[in-house]
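> Sharing a sequence plus its predicted fold:
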Amino acid sequence: MSTVSAVLITLTCILVPVSLITVWVHDIVLDSDRYVSTVTPLASDPAIEAAAVNRISEAADARVDGAQVTSDIAAWLESQGLPPRVGAAIKSLGPQLDSAVDQAVTKLATRFVESDRFETVWTEANRAAHSAVVHVLTGEGRGSVEVSGGTVTLDVGAAVEQVKKDLVEAGLSPAEKIPEVDKQMVLFQSDKLEKIRDLAHLLDVVGNWLPILTVLLGVIGVVLARRRRRALVTTMLGAAAACLVLAIGLVIARSYYLDHLPAQVQSPEAAAAIFDTLLRFLRVSLRTAIVLGILVAIGAYLSGAGRLPRAVRGASERTADAAARWGGTHGVHTGKVGTWVNTYRRWLTIGALLILALVFAFWNHPTVLTVLLLVLILLGVLAVVALLAASGRNGEPTEHVDKR
């Protein structure tokens, strides 16, 4: 392997996970529909629901002064001639009255959060505030999602207003006095957000070109190598290893972040749900790249001249020949088609590989299942080509016997 080839292949292995990050940043920031579809399931996540109920209940603080109310009732009863012990008993109910009001607020907040209305509010707020998602990573734009320093918050004012309305309709008139102020729910907090913004802006700028550049560098590196098949195996395994390192890094980063949550984040469970949801696409992409790299490396190796590859190909050829002979004895013949396939088998194989590669390249956000499906299709095509080629090699014995 030449020095230039080795350098290009090394760069390719490093840039593959970086390219996946750029695609993730580009999609999450600029694709409104994909962002909304990513965060919509969070509205029904138990951790998010619990955090929302807690925050809305705190914001919709419609607590009455239980001690004052019971004291007024006790004084009125005593003025009507009842014994003081009755008034004392009434006064002791003050804390229970406060608790009852709190339970009513929490119950209505829970009912609202678990209903379709909260999912609608959540989805519409995120869609309308998509410009604020840009603000999270670039510092530009505003909306229901806001960034102040390293803290990302969601304005739950609309949800609070709905719960307030429900409380009033339920007969809790003090809810009308809930102040008209913004209610913030902290989603994310990190003192590294400013640095993350700078990096995200750079990745977004190169997001359209870096994946293409990475593929070109890899192709050139393999073409310039003295042993191209080995270079292809090295490139694919190296890229898979780099993606595995990044995947492990994400696991470590998640653990570190959740273990060092600041006080501003009200719910560690909700923070974990948001972290996992926003990084789900990146994780899927990394797993897909790892599986793809391993499978391509295996395919390239089995097409080589080693003892094991020759043994595998030999067994496949013998199986195809046996199947073709069996078909010939049972009247199944391919005629000129089999001969033509046998003649151009190499080009047909290359064509099948190129077509599936293009399908994968233009597949919208492929997954591991996509890779496995395409591999199964390729194996099926190669099996058909092998059978047709074997039939062409073995000829049609029945026709030769008749001519004699």
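Structure received.

> now the strands: where do they sit in the chain?
145-148, 151-155, 184-189 (DSSP state E).

> So Glu269 versus Gly249, what's the distance?
Applying C-beta to C-beta, to the nearest Å, the value for Glu269 to Gly249 is 23 Å. Bear in mind the C-beta positions are built from the backbone N, C-alpha and C, glycine included.

> can you check Leu278 too?
16 Å.

> In terms of neighbours, single out the busier of the two.
Set Leu278 next to Gly249 and count neighbours by other C-beta atoms under 10 Å: Leu278 wins out with 19 against 12.

> Is that one in contact with Tyr35, as I believe?
No. Assessed by C-beta atoms under 8 Å, Leu278 is found out of contact with Tyr35, at 9.1 Å.

> Can you find which helix in the protein contains the most residues?
helix 228-259 (DSSP state H).

> Identify the residues contacting Leu348.
Leu348 makes contacts with 341, 385, as judged by C-beta atoms under 8 Å, 6 or more residues apart in numbering.

> Can you check the pLDDT for it?
Listed pLDDT for Leu348 reads 91.

> cool, Ile220 as well?
93.

> just checking, it touches Ile9?
No. Counting by C-beta under 8 Å, Ile220 does not reach Ile9; the two are 9.4 Å apart.

> Between these two, point out the one with more neighbours.
Ile9 (24 against 15).

> Let me see the contact set for the closest residue to Glu119 other than its chain neighbours.
The shortest distance from Glu119 to any non-neighbouring residue, by C-beta to C-beta, 6 or more residues apart in numbering, is to Ala43 (4.0 Å). Neighbour list for Ala43: 49, 118-119, 122-123 [criterion: C-beta under 8 Å, 6+ apart].

> Please tabulate the residues you listed in JSON lines, including the columns distance to Gly299, neighbour count and pLDDT.
JSON lines is the format used below for the contacts of Ala43 (distance: C-beta to C-beta, whole Å; neighbours: other C-beta atoms under 10 Å; pLDDT from 0 to 100):
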{"residue": "Glu49", "distance to Gly299": "46", "neighbour count": "18", "pLDDT": "77"}
{"residue": "Phe118", "distance to Gly299": "49", "neighbour count": "25", "pLDDT": "75"}
{"residue": "Glu119", "distance to Gly299": "45", "neighbour count": "16", "pLDDT": "75"}
{"residue": "Trp122", "distance to Gly299": "45", "neighbour count": "25", "pLDDT": "73"}
{"residue": "Thr123", "distance to Gly299": "43", "neighbour count": "16", "pLDDT": "76"}
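
> In TSV: those residues, plus distance to Pro17.
Shown next, in TSV, are those (distance: C-beta to C-beta, whole Å):
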residue	distance to Pro17
Glu49	34
Phe118	37
Glu119	34
Trp122	32
Thr123	31
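
> For Phe275, see how far away Leu42 is.
Plainly put, Leu42 is 11 Å away from Phe275 if you go by C-beta to C-beta.

> before we move on, what about Glu269?
From Glu269 to Phe275 the distance is 11 Å (C-beta to C-beta).

> for Thr22, same thing?
Thr22 is 20 Å from Phe275, by C-beta to C-beta.

> more crowded one of the two?
More crowded of Thr22 and Phe275, by other C-beta under 10 Å: Thr22, with 23 against 17.

> is it true that the more buried one touches Leu213?
No. Thr22 lies out of contact with Leu213 (C-beta under 8 Å); the separation is 10.5 Å.

> what residues are shared contacts of these two?
What both Thr22 and Leu213 touch, as defined by C-beta under 8 Å, 6+ apart, is an empty set.

> Where does pLDDT dip in the stretch 201-350 of the chain?
201-204, 207, 262-266 (pLDDT under 70).
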